[in-house]
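Enquirer: Sequence first, then the predicted structure:
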Amino acid sequence: MSNCNVLDSLMQGKEQTMADRDEDLPRDAKIVKTLLKSMGVDDYEPRVVHQFLELWYRYVADVLTDAQVYSEHAGKAAIDCDDVKLAIQSKVNFSFSQPPPREVLLELARSRNKVPLPKSIVPPGIALPPEQDTLISPNYQLVIPKKRPSQAVEETEEDEEGVDPNSSQEQNADVPQNTQRVSFPLGAKRPR
């Protein structure tokens, strides 16, 4: 058997299985498939039919609910054709709005374009935020201890011998003495 014959037999088998699947479908699903085919849509996922059916049922349920409300308001015992027409017309009016005519849009554009644009007060180029709001401003600090003279170190050691060691550690932890704070920017300064 040649490759063409194999492909033909596979295609015929596929068409038969699709025909078998079409026979199992409900009438509404067949109508949706016929509508898709009439609009030139040949290749689609099977879920598309179910989505169209869901949209269709939801729309019909909304229209019939509105028709029932109109019928009850009119004091009728049952829904009639006029109630359904009124419900459909209200759905069309509120759901599907038409754009304004082209002439109206052109007139609006002309009137809007007559107003000149405001003069630019910003110099040309990219407007940057203030320096304090940028990421190149200093965002960390280093604590550098200052060097003490040797006499001051000896005096503090003698003073600490007579005092409770726990209290001096707490004081030193709270207030660092003889330290210097230095900030560094992350990026280079911009010329002003």
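Expert: Alright, I've got the coordinates. This one's a predicted model, so the numbers in the text were calculated from it and none came from an experiment. Residues are numbered from 1 along each chain as shown.

Enquirer: need the helix or strand of the protein with the lowest average pLDDT.
Expert: Of all the helices and strands that make up the chain, helix 165-174 has the lowest average by mean pLDDT, DSSP states H and E, namely a mean of 47.

Enquirer: Any regions of the protein where pLDDT drops low?
Expert: Within the chain, the stretches with pLDDT under 70 are 1-22, 137-140, 148-192.

Enquirer: Could you break it into its assigned domains?
Expert: 1-44, 51-114 (automatic domain parsing).

Enquirer: Strands along the chain, start to end?
Expert: With DSSP state E as the criterion, the chain has strands at 141-145, 179-183.

Enquirer: list the buried ones in the first one?
Expert: Going back to what we said before, that points to strand 141-145. Neighbour counts using 16 or more other CB atoms under 10 Å place no residue of strand 141-145 among the buried ones. In short, each C-beta sits where N, CA and C put it, glycine included.

Enquirer: by contact count, what packs against it?
Expert: strand 179-183 (3 or more CB pairs under 8 Å, 6 or more residues apart in numbering; DSSP states H and E).

Enquirer: Contacts only, for E107.
Expert: For E107, the contact set (CB atoms under 8 Å, 6 or more residues apart in numbering) is empty.

Enquirer: Quickly note the distance from it to Q98.
Expert: With distances taken as CB to CB, to the nearest Å, E107 is found 17 Å from Q98.

Enquirer: again, but for D42
Expert: Between D42 and Q98 the distance is 31 Å, computed by CB to CB.

Enquirer: From K37, how far out is K30?
Expert: Taking CB to CB as the criterion, K30 is separated from K37 by 10 Å.

Enquirer: Residue for residue, what is the longest helix the chain has?
Expert: Determined from DSSP state H, the single longest helix within the chain is helix 46-74.

Enquirer: buried ones in that helix?
Expert: 49, 52, 63, 66-68, 70-71.

Enquirer: Closest one of those to P130?
Expert: Looking at the buried residues of helix 46-74 and their distance to P130, the nearest is F52, at 55.8 Å (CB to CB).
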